[in-house]
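Asks: Structure for the following, please:
(chains A and B)
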Number of protein chains: 2
Amino acid sequence: MISKNRIRFIKSLQQKKQRIENGLFVIEGEKMVNEAIEWVPQHIDSIYHTSEYKNEIKNDNTFSFNEITLQELKEISTLTTPNKVIAICRKLPTIDIKSNYLIALDGIQDPGNMGTIIRLADWFGISHVICSKETVDCYNPKVLQATMGAIYRVNVIYTDLVSFFKNNSLPVYGALLEGENLFNCELKKNGIIVLGNEGNGISETIKNHIDIPITIPKYGHAESLNVATAGAIILGTFFQKL
Amino acid sequence: MISKNRIRFIKSLQQKKQRIENGLFVIEGEKMVNEAIEWVPQHIDSIYHTSEYKNEIKNDNTFSFNEITLQELKEISTLTTPNKVIAICRKLPTIDIKSNYLIALDGIQDPGNMGTIIRLADWFGISHVICSKETVDCYNPKVLQATMGAIYRVNVIYTDLVSFFKNNSLPVYGALLEGENLFNCELKKNGIIVLGNEGNGISETIKNHIDIPITIPKYGHAESLNVATAGAIILGTFFQKL
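Replies: As a prediction, this is how the structure comes out:
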């Protein structure tokens, strides 16, 4: 059972403004909810699930656990085929680790790209993804889905990138179309790797703060690479050379 | 001007069955159409554009070039915000080059991933993407959009992967969660790189035909990587070691 008011409230969290005002966001599906239970249980506010959802929830949890019908689940879901369970979560905690490499995003717009980059960061144990304020909201449902749970283990911070670079002594690497050949250049053991907007790349303002422009060598004809795949090649090369 | 019949016909090409029956597919937007004019002009059947679309079309082209209204463009487009121009194309030609590396896809389902992998192949000058028959259709509008024009320069072939491997003497590399460490293992100067389905990875049948299982080393906690980013890291490593 779920009240009409609660349904309305949960649906309102599809809007960024409502998510910020309430400090809450929504995750969907078994994978995302099970990983939240494992990694950030203290940040779950409530779970709504159909009778099909099975999880050995311990009694000492602080969140409410409510069985609803498939029809009710469809009402609160953003997916065309909702998957058994939805959870309302409180804004995620800050993780108190700092890795040798950080990723900075300068205006990434596509939720799929954003989520994929957070997942990539998690794979390589990167603690922070620092985003310009124009970057898509990391609590957007499509971003969350694309992270496949990585959002619970990576700090995503929205700030002014220039100030962030100035307050850090780390070398700043930028993925550009005219930089040093990534495969041949010497890479440091730490640094910030900047990835730019899908259409326009890294903005002029940010370009001025890049210490080492790097380019992925091209062997064919594509004009550019998808930003998440470009980030993947860059991180792979950094970690291979470690 | 465009007739009601023609509108109905163009819309029918959104279905895979119709695309196969007619040997035609639809591309949208300035980037995709301009690249088609540059790379495969002889495969364009007709172009429909609004008055905003500017291109110096040479007179010796064989395709028809028709101005339509924005309202008409909206009717034939699959995009929520159509971008000036649409073209109907005939099935793409086979490119008569063979690169040292080929990519094989075992049941990729997401159109965005598929298009991104074709774009990645184009960047690295990979001539062929060989797909199992369960892999998403490369003429699906979302796949085409994600290739950003790379579809004109990469052969995408649907066939039985096992027979393909048997008819080729190339070593077969497979991206698995339990293989040799990609960063440390010796990589040959040629080969087929197999990427598996988003949820299930490489199928059991195909696994039996992999000569060298490879794994991207993990430094953090993500359970897996997005398939296009995994492919990007693998290709980046191969080309870096060349």
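
Asks: okay, CA-based contacts and neighbour counts for the rest of this
Replies: Will do.

Asks: Quick check: closest non-adjacent residue to A:D137.
Replies: In space, and not counting its chain neighbours, A:D137 is closest to A:K16: 7.3 Å by Cα to Cα, 6 or more residues apart in numbering or on different chains.

Asks: thought that neighbour was touching A:C138?
Replies: No: with contact defined as Cα atoms under 8 Å, A:K16 does not reach A:C138; the gap is 9.7 Å.

Asks: how about the CA coordinates for the lowest-mean-pLDDT helix or strand in chain A, as CSV?
Replies: Within chain A, no helix or strand scores below strand A:64-67, which has a mean of 92 by mean pLDDT, DSSP states H and E. The C-alpha trace of strand A:64-67 is given here as CSV (Å, rounded to 0.1, in the frame of the first residue of the first chain):
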residue,chain,number,x,y,z
SER,A,64,10.7,1.5,6.0
PHE,A,65,10.1,-1.6,3.8
ASN,A,66,6.7,-1.6,2.0
GLU,A,67,5.1,-4.1,-0.2
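
Asks: So for it, what gets flagged as buried?
Replies: A:E67 (16 or more other Cα atoms under 10 Å in any protein chain shown).

Asks: Mind listing the strands that strand pairs with, and their directions?
Replies: strand A:44-49 (parallel) (DSSP bridges).

Asks: one step back: for the residue nearest to A:D137, report the pLDDT, please.
Replies: Looking at A:K16, its pLDDT reads 95.

Asks: Likewise for the one 4 residues further on?
Replies: In the prediction, the pLDDT value recorded for A:I20 is 94.

Asks: count of neighbours near it?
Replies: A:I20 has 13 neighbouring residues, counting by other Cα atoms under 10 Å in any protein chain shown.

Asks: So what touches the lengthiest helix in chain A?
Replies: Determined from DSSP state H, the single longest helix within chain A is helix A:227-241. Residues outside helix A:227-241 that contact it (Cα atoms under 8 Å, 6 or more residues apart in numbering or on different chains) are A:113-114, A:116-117, A:120, A:124, A:175, A:182-183, A:187, A:195-198, A:216, B:120, B:183, B:228-230, B:232-233, B:235-237.

Asks: coming back round to it: of A:K16 and A:C138, which one has the most company?
Replies: More crowded of A:K16 and A:C138, by other Cα under 10 Å: A:C138, with 20 against 17.

Asks: How far does the longest helix of chain A sit from its chain's centre?
Replies: Computed by Cα atoms, centre = their mean, to the nearest Å, the chain-centroid distance of helix A:227-241 equals 17 Å.

Asks: do the same with stretch A:44-59
Replies: Using Cα atoms, centre = their mean, the offset of stretch A:44-59 from its chain centre is 24 Å.

Asks: What's the mean pLDDT across that stretch?
Replies: pLDDT averaged over stretch A:44-59 gives 86.

Asks: Next, the buried residues of it.
Replies: A:I44, A:D45, A:S46, A:I47, A:Y48, A:H49, A:T50.

Asks: how far away is the nearest residue to A:H43 once chain neighbours are set aside from chain B?
Replies: Closest residue to A:H43 apart from its sequence neighbours, by Cα to Cα, 6+ apart: A:R90 at 5.1 Å. To chain B, A:R90 is 21 Å away according to Cα to the nearest Cα, to the nearest Å.

Asks: Could you check how many residues crowd around A:R90?
Replies: 18.

Asks: was I right about it contacting A:I44?
Replies: Yes: in this structure, A:R90 is within contact of A:I44 by Cα under 8 Å, at 6.1 Å.

Asks: Pairing partners for the longest strand seen in chain A, with directions?
Replies: Counting by DSSP state E, the longest strand found in chain A is strand A:172-181. Take DSSP bridges as the rule and strand A:172-181 pairs in its sheet with strand A:191-196 (parallel), strand A:212-215 (parallel).

Asks: Kindly reformat those strands as a markdown table and extend each row with mean pLDDT and mean neighbour count.
Replies: Putting these into a markdown table (pLDDT from 0 to 100; neighbours: other Cα atoms under 10 Å in any protein chain shown) gives the following:
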| stretch | mean pLDDT | mean neighbour count |
| --- | --- | --- |
| strand A:191-196 | 98 | 23 |
| strand A:212-215 | 97 | 19 |
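
Asks: Save these as a markdown table, and put in distance to A:P82 too.
Replies: Below are the strands paired with strand A:172-181 laid out as a markdown table (distance: least, Cα to Cα, whole Å):
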| stretch | distance to A:P82 |
| --- | --- |
| strand A:191-196 | 32 |
| strand A:212-215 | 41 |
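
Asks: Which residues does A:Y101 form beta bridges with?
Replies: Under DSSP bridges, the beta-bridge partners of A:Y101 are A:G191.

Asks: What count of nearby residues applies to A:L13?
Replies: Neighbours around A:L13, by other Cα under 10 Å: 23.

Asks: actually A:N140, sorry about that
Replies: A:N140 sits with 20 neighbouring residues when counted by other Cα under 10 Å.

Asks: was I right about it contacting A:K16?
Replies: Yes: using Cα under 8 Å, A:N140 is in contact with A:K16, at 7.1 Å.

Asks: for chain A, what are the low-confidence residue spans?
Replies: Applying pLDDT under 70 to chain A flags residues A:58-60.

Asks: Close to chain B: what parts of it are there?
Replies: Proximity of chain A to chain B (Cα under 8 Å from any Cα of the partner chain) is limited to residues A:116, A:119-120, A:122-126, A:149-150, A:153, A:183, A:218-226, A:228-230, A:232-233, A:235-237, A:240.

Asks: per-domain residue ranges of chain A.
Replies: A:4-90, A:101-241 (automatic domain parsing).

Asks: can you redo the ones you listed as CSV with distance to B:V33?
Replies: As requested, the domains of chain A are exported to CSV (distance: least, Cα to Cα, whole Å):
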stretch, distance to B:V33
domain A:4-90, 31
domain A:101-241, 15
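
Asks: Please identify the most buried of those.
Replies: Each of the domains of chain A was assessed for mean neighbour count using mean count of other Cα atoms under 10 Å in any protein chain shown. The highest is domain A:101-241, with a mean of 20.
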